[in-house]
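**Q** Quick one: sequence plus predicted model below, questions after.
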Amino acid sequence: MVIIKSNKQLGMSLVELMIAMVIGLILSAALITIYVSNKKVFWDSEAAAILQENNRFVLKLITNDLRMAGFYGGVDFRLLENKATALTSGFCKRGETFDEESNDYEGGDSTEFEYDVSVWAVEAGGQIPSCLAGKDVDANTDILFVKHARKKPVDTGVATSASKTYIITGHDSAEHVDGTGNTTLESKISASGQYPGGDIWEYVYHAYYVYKPSGSVYSQLKRIKLGKAGWGAPETVAEGVEDLHYIFGVHDSSVTDTGMVTRYYSAADVPDWSNVVSATVYLRGRSTMSDVGYNDAKTYSYGKRSDYTPSGTDARYHRKLLQTTVSFFNNQLEQGRR
């Protein structure tokens with residue numbers, strides 16, 4: 001038998017080639033879908049983590065400040081002799097109003113050294129205080145003011161800043177003075193000084209507000225600090241803070257020796273800021289980047305704010321609402337003494 005071998009090479013038919021291409025396209029589409037889905041889950045998780053971290057940082061910062069409210073080096077504020085430089089301009093007074101004729105702020109119930117009021121606030125829609133004029137304050141959010149002494153006194157041998165003020169405390173007296181830029185204030189707490197064995201504490205007065213330029217969707221939490229010469233430049237605390245709202249617990253002066261909350265008020269309704277002993281802080285945070293594939297259809301209800309439901313392009317942002325309640329221990333002690 002003779003076997004004839006053919007040298008002709010046989011390739012794929014057109015049908016086989018098309019079938020292979022279809023299978024390849026199906027597999028590629030599946031892989032791309034899985035990749036895109038995993039990438040979206042990753043970005044969503046990262047955005048949620050950043051949002052959560054920013055929100056918790058803001059709450060911790062504000063609540064830590066509020067817990068210190070009314071602390072003036074461990075002495076009764078009535079013992080404080082005010083010798084610090086009074087501000088001539090740029091101060092924030094409670095109840096001040098803007099006069100259009102004079103184009104300036106006037107009135108108000110206090111100065112920057114009103115020690116018995118260690119916490120006060122301006123509710124959304126209220127008069128923006130003079131020290132925040134022109135700083136792109138979001139008028140739809142609350143503004144918070146907190147004052148106290150630092151948690152720890154100035155270490156021995158450390159110069160006090162010439163741009164700050166300080167509280168010097170003794171056993172039964174105290175005074176609020178300007179910093180000197182050196183250690184000369186320590187002579188007051190020396191054995192032969194006015195406050196032997198006393199301490200020097202930095203005076204702290206902060207204002208927190210939401211920064212949002214007109215027409216912008218961008219918002220931040222900012223803070224300004226009071227110095228010897230006035231309020232300093234705003235510093236950015238965190239990104240993506242969309243709203244801050246406060247409800248204040250007030251101790252009714254008719255109920256004595258308890259220091260406990262008898263009623264809650266929003267900032268505009270607080271009858272007497274010297275009777276405030278706690279606050280509930282509501283924070284609505286928003287992601288800094290929009291997500292075209294996301295629709296936030298939730299309605300946010302908190303405190304005494306009107307309900308908020310995102311719409312349009314605002315609904316493309318992830319949001320988180322957090323709240324916490326903090327007691328003003330120093331104010332509660334003061335109310336208990338009345």
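**A** That came in fine, so what should we check first?
**Q** what's the neighbour count on Glu175?
**A** 18 (other Cβ atoms under 10 Å). Quick note: C-beta positions are derived from backbone N, CA and C, even for glycine.
**Q** again with Pro271
**A** A count of nearby residues for Pro271, using other Cβ under 10 Å, gives 11.
**Q** Distance of it relative to Pro196?
**A** 42 Å (Cβ to Cβ, to the nearest Å).
**Q** quick one: secondary structure of Glu242?
**A** Counting by DSSP: H, G, I helix; E, B strand; the rest coil, the backbone at Glu242 sits in strand.
**Q** Okay, now the unreliable bits of the chain?
**A** Low-confidence segments of the chain (pLDDT under 70): 1-12, 35-47, 88-90, 97-112, 253-258, 335-338.
**Q** Give me the longest strand you can find in it.
**A** Identified as the longest strand of the chain according to DSSP state E is strand 199-211.
**Q** I'd like the next helix or strand past that one.
**A** Next along the chain after strand 199-211, taking DSSP states H and E as the criterion, comes strand 220-227.
**Q** helices or strands up against the longest helix out of those in the chain?
**A** Determined from DSSP state H, the single longest helix within the chain is helix 14-67. If you count contacts as 3 or more Cβ pairs under 8 Å, 6 or more residues apart in numbering; DSSP states H and E, helix 14-67 packs onto strand 143-149, strand 199-211, strand 235-239, strand 241-250, strand 276-286, strand 319-327.
**Q** what about dumping the CA coordinates of stretch 75-84 to PDB?
**A** Taking only C-alpha atoms (Å, rounded to 0.1, in the frame of the first residue of the first chain), the coordinates of stretch 75-84 have been written out as PDB:
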ATOM      1  CA  VAL A  75      -9.900  79.300  90.000                       C
ATOM      2  CA  ASP A  76     -13.300  80.800  90.100                       C
ATOM      3  CA  PHE A  77     -13.700  83.300  87.200                       C
ATOM      4  CA  ARG A  78     -14.800  86.000  89.700                       C
ATOM      5  CA  LEU A  79     -11.300  86.000  91.000                       C
ATOM      6  CA  LEU A  80      -9.800  87.000  87.600                       C
ATOM      7  CA  GLU A  81      -8.400  90.500  87.500                       C
ATOM      8  CA  ASN A  82      -8.400  91.500  83.800                       C
ATOM      9  CA  LYS A  83      -5.100  93.200  82.900                       C
ATOM     10  CA  ALA A  84      -4.900  92.000  79.300                       C
END
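**Q** List the contacts of that stretch.
**A** Stretch 75-84 has contacts (Cβ atoms under 8 Å, 6 or more residues apart in numbering) with 70, 72, 113, 115-116, 165, 167, 169-170, 172-178, 203, 228, 334.
**Q** Out of the helices and strands packed on helix 14-67, which is closest to Lys222?
**A** Among these, the nearest to Lys222 by Cβ to Cβ is strand 199-211 (4.5 Å).
**Q** what angle sits between the closest one and helix 14-67?
**A** Comparing the axes of strand 199-211 and helix 14-67 via axes from the mean of the first three to the mean of the last three Cα atoms, to 10 degrees yields an angle of 140 degrees.
**Q** can you give me the offset of strand 199-211 from its chain's centre?
**A** For strand 199-211, the separation from the chain centroid amounts to 12 Å (computed by Cα atoms, centre = their mean, to the nearest Å).
**Q** Buried ones only from the contacts of stretch 75-84, please, as a PyMOL command.
**A** Of the contacts of stretch 75-84, the buried ones go into a single PyMOL selection, burial set by 16 or more other Cβ atoms under 10 Å:
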select buried, resi 70+72+113+115+165+167+169+170+174+175+176+177+178+203+228+334
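**Q** on that earlier part again, want to throw the helices and strands packed on helix 14-67 into JSON lines with distance to Val217?
**A** Shown next, in JSON lines, are those (distance: least, Cβ to Cβ, whole Å):
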{"stretch": "strand 143-149", "distance to Val217": "21"}
{"stretch": "strand 199-211", "distance to Val217": "13"}
{"stretch": "strand 235-239", "distance to Val217": "12"}
{"stretch": "strand 241-250", "distance to Val217": "10"}
{"stretch": "strand 276-286", "distance to Val217": "9"}
{"stretch": "strand 319-327", "distance to Val217": "13"}
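**Q** I'd like to know which of those is closest to Ser13.
**A** Closest approach to Ser13 among the helices and strands packed on helix 14-67 (Cβ to Cβ): strand 319-327, 57.6 Å.
**Q** mind checking which of the helices and strands packed on helix 14-67 is nearest Arg94?
**A** strand 143-149 (8.4 Å).
**Q** elements contacting the closest one?
**A** helix 14-67, strand 119-122, strand 199-211.
**Q** repeat that for 6 Å
**A** strand 119-122, strand 199-211 (3 or more Cβ pairs under 6 Å, 6 or more residues apart in numbering; DSSP states H and E).
**Q** on that earlier part again, got the CA coordinates for the longest strand of the chain in CSV?
**A** Backbone C-alpha positions of strand 199-211 (Å, rounded to 0.1, in the frame of the first residue of the first chain) are rendered in CSV as follows:
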residue,chain,number,x,y,z
ASP,A,199,0.9,78.7,87.5
ILE,A,200,0.8,80.4,84.2
TRP,A,201,-1.8,79.3,81.7
GLU,A,202,-2.4,80.3,78.0
TYR,A,203,-5.8,81.9,77.4
VAL,A,204,-7.7,80.2,74.6
TYR,A,205,-10.6,81.7,72.6
HIS,A,206,-11.6,79.8,69.4
ALA,A,207,-14.3,80.4,66.8
TYR,A,208,-15.4,77.6,64.5
TYR,A,209,-17.3,78.1,61.3
VAL,A,210,-18.0,76.5,57.9
TYR,A,211,-16.2,78.2,55.1
